[in-house]
Structures are given as structure tokens and as C-alpha cells.
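> based on what follows, work out the 3D shape:
(one chain, ligands or ions: 3)
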Amino acid sequence: MRVKILEHPLVDHKITVLRDRTTASPQFRQLVDELVTLLAYEATRNIRVEPKTVRTPVAEAVGSEIARPRPLVVPILRAGLGMLEGMTRLIPTAEVGFLGMARNEETLDIVTYAERLPEDLTGRQVYVLDPMLATGGTLIESIKFLRARGADHITCICILAAPEGIEALQQGVRGMEDVDLFLAARDERLDEKAYIVPGLGDAGDRLYGVAE
Ligand SMILES: O=P(O)(O)OC[C@H]1O[C@H](OP(=O)(O)OP(=O)(O)O)[C@H](O)[C@@H]1O
Ligand SMILES: O=c1cc[nH]c(=O)[nH]1
Ligand SMILES: [Mg+2]
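Ligands and ions are numbered 1, 2, ... in the order given. I've put the predicted structure just below:
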């Protein structure tokens, strides 16, 4: 698995505001959207394209267009939904599928409670969106799900990750080629409740929950 961490002062600035406990949901959503745009720009360097020729008013121009089958974007509900619009703004022709997964906060087991994806993902390039990579359980489960349907190139886009989760993901996808991970930042560690430290708290609650 290839891991790429964005290093950019603008990204650092936005993450710092995002982490701030006094940042309320509307601004939090806006910042997640902005961060996704920056992350997606990097993460889509590997997007498959094919040659395309167009005629300008002056001459023929040989360029490229996104290859078919079209890429699939999969936000992991609930928090991943906050990243969807930023991603589809950059790739408006992408297809979107949904995976609903929740971590049991006591056992840390992953429950898959919703799924709306094409049955056959053979040969598809997939972009998985989830702001938080903590233990790695959710992403490992979602990658297994997508692989079982035939996806052959999976790029995970997260905002924050704990080193423990990156390591678990490395182990979980061992032997699988073409899995990439793009992050805005790698944090220090997990705490005793498997929350990312310093992190930003519960991303789903901060995006969509009731304000403190
Ligand atoms: O790496 P893990 O230990 O699996 O934890 C990360 C998961 O936890 C959060 O979702 P959560 O289960 O809180 O669901 P939510 O998005 O509905 O809040 C987050 O958005 C990830 O999906
Ligand atoms: O720190 C964490 C860990 C899991 N899920 C979150 O939303 N935040
Ligand atoms: Mg949550």
C-alpha cells in the first residue's frame, strides 16, 4: 500500500481550525469540503484516462478524457458523506456508491448497515472517502467488500489517521496490489477509547450532530 501525506501550509491551517473544539458544524463542513478538494487533486493523479482528439476552432488537439468504466466514489456513511461534494465537484462524471458502516464504540467491531453499490466492480477504479482512519477496522472492511465485487484499484482518502490504523491497514491489505492511501495529516496515537489523538473528536458528530 502506498501512503501519501499532504504537506502544505494551507492544509495545515485548515486542519488546525477543524480540530478546534469551538469550530461549529457549518464551518466544520466547509473546511472538510475545502480539504477534500486539495486532497482529491493529489489523489486523482492516478486516475485512468484515455486519448481523445477534439477539434479546436484552429486545429485538431490530442488530449485525454477519463477512461471507462467511470471511476466510482464511495463515501463511508456517515462522516464520509461530508467529503462527497468536494470529490464530485472535481470528478463530476464519477459514479457514486454508498457504504454505511459504524464502529461499535464498546467492542470496536464494524457493523455494515447499508450498501448501495454496483454488483460488479470488475476493472473499476474506486475512491473511498472517510475523514477518520483510527484502528483501521472500517477501511479494511470496506476494502474487502469492494475487492469481493472485483474493484481492482482502490484509493482511500482520509483527513486524519493514527499510526496504529495505518499499520493495521498495511497488514489488512497485504498482498493486494493497487491500494493507495492519501492523508491530510498523520496524528500521534490512539487513546484508550480508540479515538485519534489529538484528532478532532467524532467526525460524524461534528459534521452532523448536535452542537455542544
Ligand atoms: O478506523 P476505525 O477504528 O474503524 O474508526 C474510523 C471510523 O469511525 C468513524 O465512523 P463512525 O463509526 O463513528 O460512524 P459515523 O460516521 O456514523 O459517525 C469514522 O468516520 C470512520 O468510519
Ligand atoms: O477519533 C476518531 C476515531 C474514530 N472516529 C472518529 O470520528 N474519530
Ligand atoms: Mg462517528
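
> now the strands for the chain?
Here the chain has its strands, by DSSP state E, at 2-5, 49-55, 60-66, 72-77, 95-96, 98-103, 110-116, 125-129, 132-133, 153-161, 179-186, 189-190, 196-197.

> could those strands be laid out in a markdown table, adding mean pLDDT, mean neighbour count and distance to ligand 2?
In short, each C-beta sits where N, CA and C put it, glycine included. Formatted as a markdown table, the strands of the chain follow (pLDDT from 0 to 100; neighbours: other C-beta atoms under 10 Å; distance: least, C-beta to the nearest ligand atom, whole Å):
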| stretch | mean pLDDT | mean neighbour count | distance to ligand 2 |
| --- | --- | --- | --- |
| strand 2-5 | 97 | 13 | 17 |
| strand 49-55 | 98 | 9 | 34 |
| strand 60-66 | 97 | 11 | 31 |
| strand 72-77 | 98 | 24 | 11 |
| strand 95-96 | 98 | 16 | 22 |
| strand 98-103 | 96 | 18 | 6 |
| strand 110-116 | 96 | 13 | 11 |
| strand 125-129 | 98 | 26 | 14 |
| strand 132-133 | 98 | 26 | 4 |
| strand 153-161 | 98 | 25 | 7 |
| strand 179-186 | 98 | 21 | 12 |
| strand 189-190 | 98 | 14 | 8 |
| strand 196-197 | 98 | 18 | 4 |
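
> reformat those strands as CSV; add distance to residue 83.
Below are these laid out as CSV (distance: least, C-beta to C-beta, whole Å):
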stretch, distance to residue 83
strand 2-5, 17
strand 49-55, 23
strand 60-66, 19
strand 72-77, 6
strand 95-96, 11
strand 98-103, 13
strand 110-116, 17
strand 125-129, 4
strand 132-133, 11
strand 153-161, 7
strand 179-186, 11
strand 189-190, 22
strand 196-197, 16
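
> got these as CSV, with distance to ligand 3 columns?
Listed next are those as CSV, based on distance: least, C-beta to the ion, whole Å:
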stretch, distance to ligand 3
strand 2-5, 23
strand 49-55, 35
strand 60-66, 32
strand 72-77, 10
strand 95-96, 21
strand 98-103, 7
strand 110-116, 12
strand 125-129, 14
strand 132-133, 8
strand 153-161, 13
strand 179-186, 18
strand 189-190, 15
strand 196-197, 12
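
> who's in contact with residue 160?
Contact partners of residue 160, counting by C-beta atoms under 8 Å, 6 or more residues apart in numbering, are 15, 131, 132, 133, 183, 184, 185, 186, 187, 196, 199, 200.

> who's in contact with residue 129?
Going by C-beta under 8 Å, 6+ apart, residue 129 touches 36, 73, 74, 75, 76, 80, 83, 84, 87, 157.
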